[in-house]
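Peer 1: sequence first, then the predicted structure:
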Amino acid sequence: MNIIFLGGTETVTGSKYLVETANTKILVDCGLYQGYKWLRERNREPLPLDIHQLDAIVLTHAHLDHSGFIPLLYKQGYRGPIYTHAATSALCSILLPDSGHIQEEDAKFYQKHQLSKHQKPEPLYDKKTAEQSLTLFENIEFDQTFTVGDLEITFQYAGHILGAASVIIEAEGKRVGFSGDVGRPNDIFMRPPKALPELDLLMLESTYGNRRHDQHDPYQQLADVVNKTVSHGGTLLIPSFAVGRAQTLQYMLAILMQEQRIPKLSVFIDSPMAINVGDIYCHHHELHRLTDEQCHLMCNVATYTRSVDDSKALSEVTMPHIIIAGSGMATGGRILHHLKRLLGDHRTTVLFSGYLAGGTRGAKMLKGEGSVKIHGQWIPINATIEVMHGLSGHADYVDIENWLHQSSLKKGTKIQLVHGDPDALEAMKDHLNQTTNFTVEIASYKKILRL
Ligand SMILES: [Zn+2]
């Protein structure tokens with residue numbers, strides 16, 4: 001069995017691994033590169049394989065850095081199956097068309113304002129192609145082994161977001177694992193990730209390889225930021241992923257209002273897809289910790305703005321209020337329009353709610369830069385910029401170490417570290433070398449590993 005690393009190496013985006021035996025080829029994950037331009041440009045490079053020879057795509061979870069390249073493969077002619085959990089299929093049916101839509105809009109905007117060096121900027125794929133690619137999805141339950149050619153494949157619960165899985169693959173007498181994105185043991189929403197079986201090789205995510213999560217109570221931090229913004233009479237802008245993070249924030253705000261730790265404020269979810277995502281979370285309540293009643297509390301705390309006109313009308317709403325909008329790293333989406341409008345106002349607070357990949361607009365804002373470029377225009381930053389550390393959907397390096405200790409991995413098991421920025425990968429490698437007896441290496445781009 002060969003593993004070829006086609007993404008998610010030395011960065012947290014673009015996850016893509018080719019697994020091949022003599023008779024079978026599959027991709028595990030099929031993610032978009034995001035962040036730095038030199039990384040995003042890899043989205044335009046052809047994959048070093050004939051996609052017509054691919055037998056299947058196996059998808060760990062719905063986040064675009066794992067799934068967002070699927071419509072592009074469809075556009076290039078891929079018509080094989082995409083195996084994943086039903087909740088991931090449901091979330092992808094919202095996320096992938098939205099990704100196509102955002103790319104179409106960005107291309108139009110750049111063309112209209114002649115901001116692109118290209119005469120006619122082309123989206124990677126459009127909404128229609130993304131919708132068509134959904135017809136290839138086939139649902140697989142957790143812990144039910146299925147076969148693709150030579151490979152026996154099993155998904156197991158990984159926490160993180162709804163439907164997220166680790167993937168275990170057996171072939172030619174070897175067993176390899178892909179951790180996928182690993183959730184936290186004490187997540188507000190998701191249950192702890194299931195421990196791994198004995199493996200010959202593990203591809204292990206390292207997003208928080210060099211950081212521990214803030215051990216402070218995230219409810220208290222959110223309450224403090226809301227109350228401070230209210231005292232300034234401003235708007236609280238929360239850039240957020242529509243999947244997972246937005247629902248957690250909604251739930252926390254509902255609890256804080258119920259406990260009267262913050263005033264009853266208008267909360268706007270400026271995301272046409274977040275309302276549908278809330279429904280999917282409520283539908284799959286066997287996969288998370290919330291009861292039906294808590295799900296309804298979460299869904300009812302907010303007003304949803306679906307249309308662009310409704311979104312624009314938010315500028316008329318009296319302050320203070322809270323707007324949650326995508327994208328989480330301020331790389332695109334409706335949050336950009338609110339940032340353009342409100343970043344110059346010192347009464348505004350921008351609260352980032354998760355990990356900010358290097359090179360993204362969010363990372364630059366958090367660094368304290370005095371202005372930020374949005375749609376080709378420099379916007380001065382007078383707003384307060386904050387970040388919540390306690391909400392991550394990723395296990396930190398101590399959580400990962402504990403998860404590995406719970407597993408059946410034997411001494412000397414090979415681990416390839418993926419899905420981390422370079423500093424995080426180095427730190428994770430050092431930490432695991434000190435605390436475990438596994439053989440740990442950092443995976444590199446296009447490396448071929450033969451088992
Ligand atoms: Zn993820």
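Peer 2: Received it, and whenever you're ready, just let me know what you need.
Peer 1: name the nearest residue to H419, ignoring sequence neighbours.
Peer 2: E205 (3.9 Å; C-beta to C-beta, 6 or more residues apart in numbering). The way it works is simple: take the backbone N, C-alpha and C, and place the C-beta from them, glycine included.
Peer 1: should've said R44
Peer 2: L124 (7.3 Å).
Peer 1: got the residues of the stretch 151-300 of the chain near the ion?
Peer 2: Applying C-beta under 5 Å from the ion, we find that the stretch 151-300 of the chain lies next to the ion at D181.
Peer 1: residue of the stretch 151-300 of the chain nearest the ion, please.
Peer 2: D181 (3.7 Å; C-beta to the ion).
Peer 1: that residue contacts A165, correct?
Peer 2: No: D181 lies out of contact with A165 (C-beta atoms under 8 Å); the separation is 9.7 Å.
Peer 1: between those two, which is the more surrounded one?
Peer 2: A165 (29 against 26; other C-beta atoms under 10 Å).
Peer 1: where do the strands of the stretch 151-300 of the chain begin and end?
Peer 2: Listed in chain order, the strands of the stretch 151-300 of the chain (DSSP state E, counting those that start in this stretch) span residues 151-157, 165-171, 174-178, 201-205, 235-239, 267-269.
Peer 1: where does this protein dip in pLDDT?
Peer 2: For the chain, applying pLDDT under 70 flags the ranges 114-119.
Peer 1: for it, what spans make up the helices?
Peer 2: Along the chain, the stretches classed as helices by DSSP state H are 37-40, 64-67, 70-75, 86-112, 127-133, 218-232, 245-258, 274-283, 292-300, 308-313, 335-342, 361-366, 397-406, 422-435.
Peer 1: what's the most buried one of those?
Peer 2: The highest mean neighbour count among these, using mean count of other C-beta atoms under 10 Å, belongs to helix 64-67: a mean of 25.
Peer 1: helices or strands next to that helix in the packing?
Peer 2: Contact here means 3 or more C-beta pairs under 8 Å, 6 or more residues apart in numbering; DSSP states H and E; on that basis helix 64-67 packs against strand 25-30, helix 86-112.
Peer 1: and for P81, the neighbour number?
Peer 2: Around P81 there are 15 residues (other C-beta under 10 Å).
Peer 1: from C299, how far out is it?
Peer 2: From P81 across to C299, the span is 33 Å (C-beta to C-beta, to the nearest Å).
Peer 1: same check on H85?
Peer 2: The value you get for H85 to C299, if C-beta to C-beta is used, is 22 Å.
Peer 1: quick one: contacts for the residue positioned nearest the centre of the chain?
Peer 2: With distances taken as C-alpha atoms, centre = their mean, H63 lies nearest the centre of the chain, 4.0 Å away. Contact analysis of H63 by C-beta atoms under 8 Å, 6 or more residues apart in numbering lists 31, 95, 161, 181, 241, 243.
Peer 1: then Q156?
Peer 2: Contact analysis of Q156 by C-beta under 8 Å, 6+ apart lists 142-143, 165-166, 168, 194, 196.
Peer 1: same deal with E10?
Peer 2: Taking C-beta under 8 Å, 6+ apart, we find E10 in contact with 420-422, 425, 442-445.
Peer 1: tell me how far the residue in the stretch 1-150 of the chain that the ion sits nearest to lies from C299.
Peer 2: Proximity of the stretch 1-150 of the chain to the ion (C-beta to the ion) peaks at H63, 3.5 Å away. Counting by C-beta to C-beta, the gap from H63 to C299 is 22 Å.
Peer 1: now do M365
Peer 2: In terms of C-beta to C-beta, M365 sits 30 Å off from C299.
Peer 1: same check on E259?
Peer 2: For E259, the distance to C299 (C-beta to C-beta) stands at 18 Å.
Peer 1: one more: L64?
Peer 2: Counting by C-beta to C-beta, the gap from L64 to C299 is 23 Å.
Peer 1: check contacts around P46.
Peer 2: P46 neighbours (C-beta under 8 Å, 6+ apart): Q76.
Peer 1: 6 Å - rerun?
Peer 2: If you count contacts by C-beta atoms under 6 Å, 6 or more residues apart in numbering, P46 has none.
Peer 1: go on, the one 5 residues further on?
Peer 2: I51 is in contact with 73, 76, 78, counting by C-beta under 6 Å, 6+ apart.
Peer 1: against Q53, how distant is the residue lying closest to it once chain neighbours are set aside?
Peer 2: Spatial nearest neighbour of I51, excluding adjacent residues (C-beta to C-beta, 6+ apart): Y78 at 4.8 Å. As judged by C-beta to C-beta, Y78 and Q53 stand 10 Å apart.
Peer 1: between those two, which one's more packed in?
Peer 2: Y78 (19 against 10).
Peer 1: tell me the phi and psi of the more buried one?
Peer 2: Main-chain torsions, Y78, degrees, to the nearest 10: phi -70, psi 130.
Peer 1: so L124 sits against L72, correct?
Peer 2: Yes: between L124 and L72 there is a contact at 5.4 Å, judged by C-beta atoms under 6 Å.
Peer 1: which residues touch the residue of the stretch 151-300 of the chain closest to the ion?
Peer 2: Counted by C-beta under 6 Å, 6+ apart, D181 has contacts 160, 205.
Peer 1: quick revisit: got a markdown table for the contacts of H63, with distance to T21 too?
Peer 2: Shown next, in a markdown table, are those (distance: C-beta to C-beta, whole Å):
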| residue | distance to T21 |
| --- | --- |
| G31 | 23 |
| L95 | 31 |
| I161 | 30 |
| D181 | 26 |
| F241 | 35 |
| V243 | 33 |
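Peer 1: and of the residues you listed, the nearest to G344?
Peer 2: Nearest to G344 among the contacts of H63, counting by C-beta to C-beta, is F241 at 25.4 Å.
Peer 1: pretty sure that closest one sits against G328.
Peer 2: Yes: in this structure, F241 is within contact of G328 by C-beta under 6 Å, at 4.1 Å.
Peer 1: so this structure: which segments form each domain?
Peer 2: 2-211+393-450, 218-387 (automatic domain parsing).
Peer 1: measure the first one end to end?
Peer 2: The distance separating the two terminal residues of domain 2-211+393-450, taken as C-alpha to C-alpha, to the nearest Å, comes to 5 Å.
Peer 1: how far off centre is that domain?
Peer 2: The chain centre lies 10 Å from the centre of domain 2-211+393-450; the measure is C-alpha atoms, centre = their mean, to the nearest Å.
Peer 1: repeat that for the shortest one.
Peer 2: Relative to the centre of its chain, domain 218-387 is centred 16 Å away, using C-alpha atoms, centre = their mean.
Peer 1: now do it: distance from first to last residue.
Peer 2: With C-alpha to C-alpha, one end of domain 218-387 sits 11 Å from the other.
Peer 1: same check, this time on stretch 49-65
Peer 2: First residue to last in stretch 49-65 (C-alpha to C-alpha) measures 20 Å.
Peer 1: next one: stretch 20-28
Peer 2: 11 Å.
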